[in-house]
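J.: model the structure of this input:
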Amino acid sequence: MPFTGIFFLCSPVYADSMNAAFYFVSGMESEAITIARGLRRRDPDLLDRLIEQYQHRLLRYLIYLTGQRELAEDLFQETWIRVLERGHQYDGRHGFSVWLYAVARNLTIDYLRRKSPASLDRLMDEDQPTGFEPVDNRPMAWELVAQHEQTERINRALTSIPAEYREALVLRFQEGMSLEEISNVTAVPLGTTKSRIYRGLNLLMSRLEEKPA
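T.: Modelled structure (predicted):
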């Protein structure tokens, strides 16, 4: 069974120049197409490499999504079975991680729908866009929190906020996904994604400001 380490917070990494960004995007697209072709062939070596590359991140995401290690491990296995079964559906238009996380999320929702409908109340809540844009300095605010708070305390605060906000923050700041990629994973409008990140950060900050009992 794969091992998941301590949750470390980091901001997305951006290219320093237009040329660097061009080559990064081109390489990502080329890799995505290669993966799509390999999955259509059910290439076992490719699947092994993908599991090795994404196992820790995927399991960590499922643990934060479900709040249960044992359930997350079961869903982790089911996700890779689904990748093997339905890999031909991945077309390479988005990064592989976007499709992989969407598969894992859909399996989680299907499980919760069968076993615990009440757990879906917040996760499936489709917030309406509020019309505001997140302020530009929010990643810097996240970095400031990461610098001044212990990782364990941040983790406790993160797990105390509603699932849809926690998921958005993990995908944005842990996995470094763009807002558009998060919208694709969670199947909600871009405005909803922005709203969840904004509200999630506000909730996280308020939890961190609370004095221990």
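J.: now do the strands in this structure.
T.: Remark: no strands are assigned in the chain by DSSP state E.
J.: quick one: least confident helix or strand in it?
T.: helix 138-148 (a mean of 48; mean pLDDT, DSSP states H and E).
J.: how's the protein carved up into domains?
T.: 18-122, 125-209 (automatic domain parsing).
J.: now those domains as TSV including mean neighbour count?
T.: C-beta coordinates here come from the backbone N, C-alpha and C atoms, glycine included. Output for those, formatted as TSV (neighbours: other Cβ atoms under 10 Å):
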stretch	mean neighbour count
domain 18-122	16
domain 125-209	17
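J.: among these, which gets the worst mean confidence?
T.: Sorting these by mean pLDDT places domain 125-209 lowest, at a mean of 74.
J.: list the residues that contact the closest residue to T66 other than its chain neighbours.
T.: The shortest distance from T66 to any non-neighbouring residue, by Cβ to Cβ, 6 or more residues apart in numbering, is to A72 (5.2 Å). Taking Cβ atoms under 8 Å, 6 or more residues apart in numbering as the contact definition, A72 lies against 59, 62-63, 65-66.
J.: so how far is I63 from A72?
T.: 4 Å (Cβ to Cβ, to the nearest Å).
J.: now E164
T.: 16 Å.
J.: need the phi and psi values for S160.
T.: When read as degrees, to the nearest 10, the backbone of S160 gives phi -90, psi -10.
J.: that one against R207, yeah?
T.: Yes: counting by Cβ atoms under 8 Å, R207 is a contact partner of S160 at 5.6 Å.
J.: all helices for the chain, in order.
T.: For the chain, the helices defined by DSSP state H cover 18-41, 44-66, 69-86, 96-115, 120-123, 138-148, 151-159, 163-169, 179-186, 190-209.
J.: can I get the last one in CSV? Just the C-alpha atoms.
T.: It stands for helix 190-209. This file holds the C-alpha atoms of helix 190-209, laid out as CSV (Å, rounded to 0.1, in the frame of the first residue of the first chain):
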residue,chain,number,x,y,z
LEU,A,190,-15.1,28.7,-12.9
GLY,A,191,-17.0,31.2,-10.7
THR,A,192,-17.9,28.5,-8.2
THR,A,193,-14.2,27.4,-8.1
LYS,A,194,-13.1,30.9,-7.3
SER,A,195,-15.8,31.3,-4.7
ARG,A,196,-14.8,28.0,-3.0
ILE,A,197,-11.1,29.0,-2.8
TYR,A,198,-12.0,32.5,-1.5
ARG,A,199,-14.4,31.1,1.2
GLY,A,200,-12.1,28.2,2.0
LEU,A,201,-9.2,30.5,2.6
ASN,A,202,-11.3,32.8,4.8
LEU,A,203,-12.5,29.8,6.8
LEU,A,204,-9.0,28.4,7.1
MET,A,205,-7.6,31.8,8.3
SER,A,206,-10.4,32.1,10.9
ARG,A,207,-9.6,28.6,12.2
LEU,A,208,-5.9,29.4,12.5
GLU,A,209,-6.7,32.6,14.4
